[in-house]
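Engineer: Sequence below, structure please.
(one chain, ligands or ions: 1)
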Amino acid sequence: MIKRGVSVVWESAGVVVDAAMSSYDVVMLMVCVSLVVGSALAGCNGDPGDGEAPRDLTLVQPAAPRAPVRLALVDAFPALPIARPIMMRQPPGDRSTFYIAEQSGKIYRAHTHASQAELVLDLSQHAADAGASEDVTGLLGMDLSPRWRHDRSAYIYYTSSSSSAPSGIRVNVARIALRGDGKFEQPQRPLVAVDMPGAQSLGGHTLFGPDGQLYVGIGDGGQGESGAARDPRGLLGTIVRIDVDSRMSEVYAQGFRNPWRFSFDRVTRTLWLGDPGVARYEEIDRVLPGGNYGWSACEGAHRFDPKNPNDPNSGLCAEPDVVSPVLAYTHEELGGGAAIIGGFVYRGSAIAGLVGSYIFGDFVHGTIWRLVTDGAGKVGKEIILQTGENVIASFSEDLDGELYALQLDGRILQIVAR
Ligand SMILES: [Ca+2]
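Structural biologist: Numbers count the residues shown, from 1 in each chain. Purely as a prediction, here's the structure:
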């Protein structure tokens, strides 16, 4: 199913950059030990959950007629001194425990209603020296092993400095194990290490899918000017899927600018993603294996020209084989500037009217929407909540499927019925 017949093996961190490999192309795109080009590798091919293909690839929406929802945001950890939370996960089987990752490079463990959190990782030495752009560097993503009972480990996405990267920034994905003292070890051998051409759209998501494999969202590191996301050999602007046991990997889908946040619907297994644009459009994609999502030839459903990114007459995307977004919204309609934050299909039980809706937000404007369809099947969006500007960094889901907005002002806000 993977259109691009490229599989990559990342063996060891220690070898990510060979000084002799000064070729920008080589080092920028694949800082890895060995590169296997050709067939898909055993254990790495197929749909999410081979034999467990998505049961429903249609747009999932609430049962008609759509129930009205009245929602509020409630601070889930009002007493916790958390700064810039960017991800929160619960270990499988433990409903009272949360791991909270801060962009600064710290991970805390906290319990429900806790007023204190235990610092279980501090890689701020690694993550803080990443370079120019404090807004997008640091610890950016975290997921916990789905086999937590036997494998107490987290998979993190973080930036580090790199003298070989044009931007000075490298993005890394590494497994860190929980030690006997209850704290995580420092990252040792990254599974992925990629030097970034620019200091923005660095990606930053690690997420285990229902197939038990790790999905990683790598940004294109720029504003589309390099066309790097269109390079069929490259890793920029892709979702990479990794078998963490064999450490074998493949490009699962491509043509993204910044696959910062995506999630699997836990009922349909559909993979939903929010891809922020540069100039005019933000988009939501339903990601299929092997799909090309168009960046940087297209932004939203329209053509994109990095030399004239704001062209109002760009016309519709006409690239062959590009998967159109489920929904694109314009910066203009929000009054300028926008950055979509992909969310979740709500599968909790506390808000009946929200079940089955895809929830997403916008960083710049602080708006939270759900996808809706009209009687003719046309997809739109409906505002369900409004929060502050420039604060929503991410959404997270607890074991029960309840949703939280993680804000850079330090608050972790649960979406609740009002
Ligand atoms: Ca696209």
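Engineer: okay, CA-based contacts and neighbour counts for the rest of this
Structural biologist: Will do.
Engineer: what is the mean pLDDT for stretch 174-186?
Structural biologist: Across stretch 174-186, the average pLDDT comes to 97.
Engineer: Could you look up the SS state of residue 151?
Structural biologist: Assigned by DSSP: H, G, I helix; E, B strand; the rest coil, the conformation of residue 151 is coil.
Engineer: ugh, wrong one, residue 333
Structural biologist: Residue 333 - assigned by three-state DSSP - is helix.
Engineer: Around the ion, which positions in the chain sit nearby?
Structural biologist: By the rule C-alpha under 5 Å from the ion, the part of the chain lying against the ion is 293, 294.
Engineer: need the helices for the chain, in chain order.
Structural biologist: Per DSSP state H, the chain carries helices over the ranges 24-29, 124-127.
Engineer: Show me which positions of stretch 78-94 end up buried.
Structural biologist: The neighbour-count criterion (16 or more other C-alpha atoms under 10 Å) identifies 80, 82, 83, 84, 85, 86, 87, 88, 89, 90, 91 as the buried residues of stretch 78-94.
Engineer: swap in stretch 223-230?
Structural biologist: Quick answer for stretch 223-230 (16+ other C-alpha under 10 Å): 223, 224, 227, 228, 229, 230.
Engineer: again, but for stretch 406-417
Structural biologist: Quick answer for stretch 406-417 (16+ other C-alpha under 10 Å): 406, 407, 408, 410, 411, 412, 413, 414, 415, 416.
Engineer: before we move on, the earlier item: reformat the buried residues of stretch 223-230 as a markdown table; add pLDDT.
Structural biologist: Listed next are the buried residues of stretch 223-230 as a markdown table, based on pLDDT from 0 to 100:
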| residue | pLDDT |
| --- | --- |
| 223 | 90 |
| 224 | 89 |
| 227 | 88 |
| 228 | 89 |
| 229 | 91 |
| 230 | 89 |
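Engineer: coming back round to it: just give me the lowest mean pLDDT stretch among the helices of the chain.
Structural biologist: Among the helices of the chain, helix 24-29 scores lowest, with a mean of 28.
Engineer: list the contacts for the closest residue to residue 401 other than its chain neighbours?
Structural biologist: Residue nearest to residue 401 in three dimensions, not counting chain neighbours: residue 348, with 4.1 Å by C-alpha to C-alpha, 6 or more residues apart in numbering. Residue 348 is in contact with 355, 400, 401, 402, 403, counting by C-alpha atoms under 8 Å, 6 or more residues apart in numbering.
Engineer: Can you tell me, leaving aside adjacent residues, what's nearest to the fourth one?
Structural biologist: Once flanking residues are discounted, residue 402 sits nearest to residue 348: 4.8 Å by C-alpha to C-alpha, 6+ apart.
Engineer: Can you find the helix or strand of this protein with the lowest average pLDDT?
Structural biologist: strand 34-37 (a mean of 26; mean pLDDT, DSSP states H and E).
Engineer: follow-up on the earlier one: what is the most widely separated pair among the contacts of residue 348?
Structural biologist: 355 and 400 (12.4 Å; C-alpha to C-alpha).
Engineer: coming back round to it: closest one of the contacts of residue 348 to residue 169?
Structural biologist: Using C-alpha to C-alpha, the contacts of residue 348 come closest to residue 169 at residue 403, 31.6 Å.
Engineer: Report pLDDT for that closest one.
Structural biologist: With respect to pLDDT, residue 403 has a value of 98.
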